[in-house]
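>>> I need the structure of the sequence given here:
(chains A, B, C and D)
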There are 2 protein chains.
Amino acid sequence: MAQIRDVSKLAGVSPATVSRAFSDPGKLSAETLKKVLAAAEELNYKPSSLAQLFRVKRTNTVLVMVPDIANVLFARVVSGIERIAADNGYNLLVIDTKDNKDVEAAGIEMVETYRADGVIQLGERALRWLHRDAEKCTIPFVHAIGTGLDESYPTVTINNQAAAESMANYLLSLGHRKIGVLAGIKGRLVTQHRLEGFRAAMNAFGVTLDEGLVEYGAYSLAGGAQSAQRLLSRRRDATALLAMSDEIAIGAIRTAQDLGLRLPEDLSITGFDNIEFGKYCEPPLTTVMQPAERIGEVAMTLMCGVLRNELKGETHPLLPTELVIRNSVCRVVKPA
Amino acid sequence: MAQIRDVSKLAGVSPATVSRAFSDPGKLSAETLKKVLAAAEELNYKPSSLAQLFRVKRTNTVLVMVPDIANVLFARVVSGIERIAADNGYNLLVIDTKDNKDVEAAGIEMVETYRADGVIQLGERALRWLHRDAEKCTIPFVHAIGTGLDESYPTVTINNQAAAESMANYLLSLGHRKIGVLAGIKGRLVTQHRLEGFRAAMNAFGVTLDEGLVEYGAYSLAGGAQSAQRLLSRRRDATALLAMSDEIAIGAIRTAQDLGLRLPEDLSITGFDNIEFGKYCEPPLTTVMQPAERIGEVAMTLMCGVLRNELKGETHPLLPTELVIRNSVCRVVKPA
DNA sequence: TCCTGTTATGTAAACGGTTTCATTGCAAGT
DNA sequence: ACTTGCAATGAAACCGTTTACATAACAGGA
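Alright, predicted model coming up:
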């Protein structure tokens, strides 16, 4: 591959001039510029990114840490991040953490060793705190799809509690009182917040959440199917099930159908996230929309801000959610 | 951040020794090593990747070009790639091409300018041919989920034609003769190959594929729903629909149900890929399994091979597919 | 005419490691 | 005792850019 020196020789100028021809063409006289560009073209010269980046000590790369890239919700967030990154000339390094603390910690190291300029983390844990000296950790960091609104680093998420509350309210307004919960992973903050939302809504209606009707499990299709299995084999008195993700809900629908229940007549089921598949279920899933791509876009926009040291505006945006009503819920039939 | 020079001073050795302490500890005497490591620890020194990579002219990074990262199938492939990459110390740069030729071409440039050591491309087009001088293009390249088995670069995919054939055979063996096809994007090689598979199977049964029963569309839920809509509003004589992806199939199921058809009695529908959601549909989707994660793993393994110049074994593996039979298909009822 | 300021370009020093080659010390072989 | 070879380390060149600083040419103002 041709180097800057080759080009400079061919064009009869100094390497500095060639460099300027690419980085700041306005500084050169028209004829010099033309000469240089022609020489570069002839030699098919392209500046070595490696050398450039090394020189300026920036990578123009941001690291994205995803708990599971194969998960539809996360994949959509990444898609949003990617769009904004591309628009701003950043590249995306993607790491699938599989929820493993060690690989998360490695993420920090990547910016300390100049492999990435900053990191966007998706999901529960904020790896920043894994740093040996967390208080002083200054690496550019953005956290999305998590919680931690009070943190010092930017954060983009939704109001999980409020969203959960609105979903529960909807069910309550249709007369449901015996409501089961297909929760996500126990101990996760998202899980807790959504549960609090459910509980708050019920309390407002004067009903208390029956702890015997909540089942925890993975945020996945299989997890939902299993949770529903456990719940339904133990109790059959619930008229509705609040699932903490669409995947959980869809898994539960499968189980309910296998059990011979008619949906939604015998059992109403709701989801959370509004992934595309929910629309195509049978029955189509009533859920609450979480703007995944948008979350990714906003997260990357914030990252651009911190990298340019010109963060402005809200640094802890709560993106709007929305109840999307389809057919997996019906009014509870009053036993005469 | 501490530099190698700082460490060397503190440890009272030369920078070269420090360098060796990290890259080839065996070369040092035990006590020197200890001294150096202690100094490095004290200063919290970590070698700058940027400087290292620049010096050795490798990035330890491979670029993955995905047509759509939010697509479940591709996301799973990426997941497989990631696993192997991590095992081998490679990082993954991910670009969502959105099927855009320009960004694909930019991919090549990234390895030419030393931002990545090689590129794995997913999907239809092999960007390698976008290179200004394709014949001579020598960048490390692997193509997955595509076709082009006869190419000079490694390729990992399935036998689309055979897989499609087996699916069609299954339908035919259950008595179906009027079979519609919900094809993917017209002109795509995958689409053509699968169509050929369908056609071959039918010919073997002495039935010819009715061109009036094939509908093209996007490889997506919405695409499937629309194609089914068009097909079903035009012709109602098909007893079964062969969809070219699970998403298309699931979209079609929705449409069929909205039209009041009973599945599978009134209409059998089959998918392709075996994404997880297919198992949770109503009715659960009969499909042909494509080992997505495995494809990713194999692709990355091949990439490791070419990067180390020790490619061995099959460079055009065809991974095995498998018919997975669920309940979206039934034997055709003979009109008396 | 001389001084000053501006513009276009060149010179050379970084950037932070790795690696080749040279040097030293010491053990083993003759 | 003298050579030989190996192991451990150091000195310095090098990777391919960018950029601070120096220089030269030239225009405009006093």
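>>> so does stretch A:80-100 get close to DNA strand D?
No: using Cβ under 7 Å from any atom of the strand, stretch A:80-100 never reaches DNA strand D; the gap is at least 13.8 Å. C-beta here means a position set from N, CA and C on the backbone, and glycine is covered the same way.
>>> hmm, I was thinking of stretch A:36-43
No: using Cβ under 7 Å from any atom of the strand, stretch A:36-43 stays clear of DNA strand D, coming no nearer than 10.1 Å.
>>> so what's the closest residue to residue A:93 other than its chain neighbours up against?
Closest residue in space to residue A:93, ignoring its immediate chain neighbours: residue A:63 at 4.6 Å, by Cβ to Cβ, 6 or more residues apart in numbering or on different chains. Neighbouring residues of residue A:63 by Cβ atoms under 8 Å, 6 or more residues apart in numbering or on different chains: A:93-95, A:107, A:110-111, A:115-116, A:118-120.
>>> any chance of the residues you listed in a markdown table, plus distance to residue B:290, neighbour count and secondary structure?
As requested, those are exported to a markdown table (distance: Cβ to Cβ, whole Å; neighbours: other Cβ atoms under 10 Å in any protein chain shown; DSSP: H, G, I helix; E, B strand; the rest coil):
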| residue | distance to residue B:290 | neighbour count | secondary structure |
| --- | --- | --- | --- |
| A:93 | 27 | 21 | strand |
| A:94 | 22 | 23 | strand |
| A:95 | 25 | 23 | strand |
| A:107 | 31 | 25 | helix |
| A:110 | 33 | 22 | helix |
| A:111 | 37 | 19 | helix |
| A:115 | 33 | 22 | coil |
| A:116 | 33 | 29 | coil |
| A:118 | 36 | 19 | strand |
| A:119 | 33 | 24 | strand |
| A:120 | 31 | 28 | strand |
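>>> and which of those residues is nearest residue B:88?
residue A:95 (14.0 Å; Cβ to Cβ).
>>> out of the contacts of residue A:63, who's nearest residue B:160?
Taking Cβ to Cβ as the measure, residue B:160 lies nearest residue A:94 of the contacts of residue A:63, at 27.5 Å.
>>> just to revisit the earlier point, ok so the residue nearest to residue A:93 is a strand residue?
Yes: assessed by DSSP: H, G, I helix; E, B strand; the rest coil, residue A:63 belongs to a strand.
>>> roughly how far apart are it and residue B:36?
29 Å (Cβ to Cβ, to the nearest Å).
>>> now residue A:59
Distance, residue A:59 to residue B:36, by Cβ to Cβ: 27 Å.
>>> just residue A:208 next, same as before
Counting by Cβ to Cβ, the gap from residue A:208 to residue B:36 is 64 Å.
>>> of these two, which one has the most company?
The residue with more neighbours, out of residue A:208 and residue B:36, is residue B:36; 25 against 9, by other Cβ atoms under 10 Å in any protein chain shown.
>>> what about that one, which SS state?
Per three-state DSSP, residue B:36 ends up helix.
>>> and the residue nearest to it when sequence neighbours are not counted, how many neighbours does it have?
Spatially, and ignoring its direct neighbours in sequence, residue B:36 is nearest to residue B:21 (4.1 Å; Cβ to Cβ, 6+ apart). Using other Cβ under 10 Å, residue B:21 is surrounded by 24 other residues.
>>> can you tell me which residues contact residue B:21?
Per Cβ under 8 Å, 6+ apart, neighbours of residue B:21: B:28, B:32-33, B:36-37, B:40.
>>> nearest to residue A:154, of the residues you listed?
Closest to residue A:154, out of all of the contacts of residue B:21 and judged by Cβ to Cβ, is residue B:40, at 32.4 Å.
>>> contact partners of the strand or helix carrying that closest one?
According to DSSP states H and E, residue B:40 maps onto helix B:30-43. Helix B:30-43 is contacted from outside by B:2, B:6-7, B:10-13, B:17-18, B:21-22, B:25, B:28, B:45, using Cβ under 8 Å, 6+ apart.
>>> from residue B:38, how far out is residue A:311?
To residue B:38, residue A:311 is 39 Å away according to Cβ to Cβ.
>>> I misspoke; the intended subject was residue A:259.
In terms of Cβ to Cβ, residue A:259 sits 64 Å off from residue B:38.
>>> show me how far the helix or strand hosting residue A:157 is from its chain's centre.
Applying DSSP H and E as the criterion places residue A:157 in strand A:155-158. Taking Cα atoms, centre = their mean, to the nearest Å, one finds strand A:155-158 lying 9 Å from the centre of the chain it belongs to.
>>> summarise which helices and strands the helix or strand following that strand is packed against.
Sequence order places helix A:160-173 as the next helix or strand after strand A:155-158, per DSSP H and E. In terms of contacts (3 or more Cβ pairs under 8 Å, 6 or more residues apart in numbering or on different chains; DSSP states H and E), helix A:160-173 is packed against strand A:179-182, helix A:189-204, strand A:240-243, strand A:268-270, strand A:287-289, strand A:322-324.
>>> buried residues of helix A:160-173, list them for me.
A:160-172 (16 or more other Cβ atoms under 10 Å in any protein chain shown).
>>> nearest to residue B:322, of those?
residue A:167 (38.9 Å).
>>> next one: the closest one from residue B:149, what distance?
50 Å.
>>> check contacts around the closest residue to DNA strand C within the stretch 151-300 of chain A.
Distance from DNA strand C to each residue of the stretch 151-300 of chain A (Cβ to the nearest atom of the strand) is smallest for residue A:153, at 25.0 Å. Taking Cβ under 8 Å, 6+ apart, we find residue A:153 in contact with A:126, A:128, A:141-143.
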